[in-house]
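Asker: Model the structure of this input:
(one chain, ligands or ions: 1)
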Amino acid sequence: MAADPVIEVDSLTKRYDKTTAVDGLSFTVTGGSVVGLLGANGSGKTTTMRMLLGLAAPTTGRATIGGRPYAAIPHPAREVGAVLDAAQFHPGRTGRNHLRVFAKAADVPKTRVDALLAQVDLEDAARKRVGKYSLGMRQRLALATALLGDPRVLVLDEPANGLDPHGIRWLRDFLRAQRDEGRTVLLSSHVLAEVAQVVDHVVVLAKGRLVAQGAVDEIAGTGTLEDAFLKLTGDTR
Ligand SMILES: Nc1ncnc2c1ncn2[C@@H]1O[C@H](COP(=O)(O)OP(=O)(O)OP(=O)(O)O)[C@@H](O)[C@H]1O
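Answerer: Numbers count the residues shown, from 1 in each chain. Presented below is the predicted three-dimensional model:
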């Protein structure tokens, strides 16, 4: 397993008018690890990922993948797979057609499509229109899309959102398999329990700022994981 930092976030800040969505955030993600970016709703997770993926410009600071800002990566689909919003699919396309269209756009051989459908357990639904897919199926199709270019890095925004217990178990197994294949994964969640079993390391945000980082058991200390998380993220309801 490589120990080099693959994702580097350095003094990253994003301001929108009066809102500071991300405030001087720095962290690194080591190659071959699964890292959870955690925080309550509105703590800046999505904004951080959007800056990492070149979808929002930092006000100050820098975010790089493999040492380069996303925009400077020569063949991004082969380097980074991302899922930011699993709801965005053309509802009339079948799962297989969706992947074929994206394979073409990413210059990936379409022979990869069936293997990916099998990998995310959508073989039986390959000819079904995406508009008829459940949320869990759409999440899995989004993961297959992210994997089209066989990237070594995955960036996943709230991949467990809306999944039932079977879906969450499936996701955990999927993430373990990605790590076993040597991929580096950054995923966000506002529910620590969803991801605690699979992440090597967590980065905890509150109001755009880093409030803790480390292994899950370090974050928990002597109390329960949930108490520590709620205390750190300022959610004491
Ligand atoms: N385009 C934008 N314009 C103005 N404010 C924004 C914009 N994007 C995000 N924000 C604000 O920045 C803050 C952080 O939002 P962000 O979506 O990054 O948080 P999050 O941790 O991903 O939340 P959630 O779990 O709800 O998705 C929020 O106060 C949000 O309202």
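Asker: Next, the buried residues of the helix or strand encompassing G61.
Answerer: Following DSSP states H and E, one finds G61 within strand 60-65. Across strand 60-65, burial judged by 16 or more other Cβ atoms under 10 Å covers G61, A63, T64, I65. (Glycine included, C-beta is placed from N, CA and C.)
Asker: Same check on stretch 116-124?
Answerer: By 16+ other Cβ under 10 Å, the buried positions in stretch 116-124 come out as L116, L117, Q119, V120, L122.
Asker: End to end on that stretch, go ahead and measure it.
Answerer: End-to-end distance for stretch 116-124: 12 Å, by Cα to Cα, to the nearest Å.
Asker: Show me what the strand holding G61 is packed up against.
Answerer: Here strand 60-65 touches strand 5-16, strand 19-30, helix 45-52, going by 3 or more Cβ pairs under 8 Å, 6 or more residues apart in numbering; DSSP states H and E.
Asker: Kindly reformat these as CSV containing mean pLDDT, mean neighbour count and distance to P151.
Answerer: Shown next, in CSV, are these (pLDDT from 0 to 100; neighbours: other Cβ atoms under 10 Å; distance: least, Cβ to Cβ, whole Å):
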stretch, mean pLDDT, mean neighbour count, distance to P151
strand 5-16, 97, 18, 11
strand 19-30, 97, 19, 14
helix 45-52, 97, 24, 13
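Asker: Switch the buried residues of stretch 116-124 over to a markdown table; also include secondary structure and pLDDT.
Answerer: Formatted as a markdown table, the buried residues of stretch 116-124 follow (DSSP: H, G, I helix; E, B strand; the rest coil; pLDDT from 0 to 100):
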| residue | secondary structure | pLDDT |
| --- | --- | --- |
| L116 | helix | 95 |
| L117 | helix | 96 |
| Q119 | helix | 93 |
| V120 | coil | 95 |
| L122 | coil | 95 |
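Asker: tell me which of these is nearest to the ligand?
Answerer: Of all the buried residues of stretch 116-124, V120 has the smallest distance to the ligand: 23.3 Å, by Cβ to the nearest ligand atom.
Asker: For the host helix or strand of F174, list every residue counted as buried.
Answerer: Assigning secondary structure by DSSP H and E places F174 in helix 165-180. The neighbour-count check on helix 165-180 (16+ other Cβ under 10 Å) flags G167, I168, W170, L171, R172, F174, L175, Q178, R179 as buried.
Asker: separation between the last one and K132?
Answerer: So the one you mean is R179. R179 sits at a distance of 32 Å from K132 (criterion: Cβ to Cβ, to the nearest Å).
Asker: And for the third one?
Answerer: W170 sits 19 Å away from K132, going by Cβ to Cβ.
Asker: thinking again about what came up before, dump the buried residues of helix 165-180 to TSV, plus distance to the ligand.
Answerer: Formatted as TSV, these follow (distance: Cβ to the nearest ligand atom, whole Å):
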residue	distance to the ligand
G167	18
I168	17
W170	22
L171	17
R172	20
F174	21
L175	19
Q178	22
R179	23
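Asker: Of those residues, which pair is most distant in space?
Answerer: G167 and R179 (19.0 Å; Cβ to Cβ).
Asker: Return the set of buried residues in stretch 108-115.
Answerer: In stretch 108-115, counting by 16+ other Cβ under 10 Å, buried: V108, R112, V113.
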